[in-house]
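1. sequence-free structure coming up:
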């Protein structure tokens with residue numbers, strides 16, 4: 001039962017910080033309107049943590065000056081609120097928290113480590129899944145180990161790797177920064193000159209990029225999955241329609257693209273996509289809401305990416321309105337608490353080995 005403080009964490013040291021603000025304030029206000037004690041916890045792009053009720057208003061973020069807001073520290077099962085001198089002002093215990101960070105360490109596993117050490121259940125994918133699926137190269141590695149079809153790919157860490165990528169992939173090539181989302185730095189190259197320019201841009205954002213064949217006849221199909229009370233709940237498949245060659249940042253967040261739910265798919269293809277998403281979710285012991293992005297080319301189905309903190313938590317795939325999404329959020333938070341309690345019940349042992357070390361002795 002959720003009867004305590006819930007922190008909604010968003011922002012982060014990430015190129016997707018602003019998108020995370022949209023997701024975080026949405027989830028926060030859904031919980032608040034549902035009568036829950038939801039607290040905004042914002043991480044700025046310079047890595048500072050803030051906890052202030054005014055951060056629930058998205059209009060607050062039209063300025064980058066957060067000096068008027070209370071800084072905070074996550075520790076000891078809650079949040080320490082600091083005064084302007086950096087001294088502890090008060091402590092707020094947390095029953096749970098919800099991860100709404102996109103990109104960076106917020107989505108990539110760091111936040112789960114912090115909250116685990118602090119003794120706070122954090123609703124989301126979990127440490128391993130977040131870390132692995134944040135990196136498109138590691139995503140390929142995990143999916144191939146599960147025998148899930150993926151497109152051929154080449155990893156590019158410097159411009160010197162471009163000839164090898166061309167030889168392996170051929171043109172046209174789609175380039176993606178390995179650890180970014182929201183289509184930032186993603187582009188299609190039709191010749192070596194374009195590829196060099198696009199890879200240079202991608203490597204300005206990230207330490208490596210993934211090159212894949214661009215499928216001209218492709219369809220982009222998404223399905224979201226979450227776990228609650230022993231049941232894996234998959235959404236209906238969605239088809240996203242890009243305004244040009246690929247889904248751009250504007251398509252996703254400025255109304256440039258279109259989508260259809262449910263996607264117009266043959267029953268066997270829809271079943272395969274849903275089953276694959278649920279299998280990967282379960283086999284990697286994932287939690288929270290994850291969106292699985294597939295590419296459909298003729299009868300061939302490829303799993304392209306796994307988004308462990310999808311935009312707006314993919315609420316629109318489960319609900320017709322924000323209010324209808326409240327039970328899903330409650331399920332996610334409840335599951336995180338149940339998992340946390342279960343883990344805390346496991347035994348911790350002391351071996352007594354330190355008592356066997358003589359005074360002044362060292363292990364050789």
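-> On my side now, so go ahead. Since the model is a prediction, treat every value here as computed from it, not as a measurement.

2. tell me the contacts of the residue with the shortest distance to the centre of the chain?
-> Among the residues of the chain, the smallest C-alpha distance to the mean C-alpha position (Cα atoms, centre = their mean) belongs to residue 309, namely 2.8 Å. When contacts are counted by Cβ atoms under 8 Å, 6 or more residues apart in numbering, residue 309 touches 20, 23, 99-102, 106-107, 124-125, 130, 288-289. The C-beta positions use only the backbone N, C-alpha and C, and glycine is treated the same way.

3. cool, and residue 323?
-> By Cβ under 8 Å, 6+ apart, the contact list for residue 323 reads 30, 33-34.

4. pLDDT score for it?
-> We have a pLDDT of 89 for residue 323.

5. gap between it and residue 36?
-> Residue 323 sits 13 Å away from residue 36, taking Cβ to Cβ, to the nearest Å as the criterion.

6. and for residue 260?
-> 33 Å.

7. give me the more crowded residue out of these two.
-> Using other Cβ atoms under 10 Å, the more surrounded residue of residue 260 and residue 36 is residue 36, with 21 against 11.

8. what secondary structure does the more buried one sit in?
-> With DSSP: H, G, I helix; E, B strand; the rest coil as the basis, residue 36 sits in coil.

9. was I right about it contacting residue 6?
-> Yes: using Cβ atoms under 8 Å, residue 36 and residue 6 qualify as a contacting pair, with a distance of 5.8 Å.

10. and the next helix or strand past the worst-scoring helix or strand of the chain on mean pLDDT?
-> Least confident helix or strand, the chain: helix 249-253 with a mean of 51, by mean pLDDT, DSSP states H and E. The helix or strand immediately downstream of helix 249-253 is strand 258-260, counting by DSSP states H and E.

11. what sits up against that next one?
-> For strand 258-260, with Cβ under 8 Å, 6+ apart as the criterion, the contacting residues are 238-241.

12. before we move on, the earlier item: of the contacts of residue 323, just the buried ones, PyMOL syntax please.
-> Applying 16 or more other Cβ atoms under 10 Å to those, the buried members can be selected in PyMOL as follows:
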select buried, resi 30+34
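
13. would you format the contacts of residue 323 as JSON lines with pLDDT included?
-> Formatted as JSON lines, the entries for these read as follows, by pLDDT from 0 to 100:
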{"residue": "30", "pLDDT": "96"}
{"residue": "33", "pLDDT": "96"}
{"residue": "34", "pLDDT": "95"}
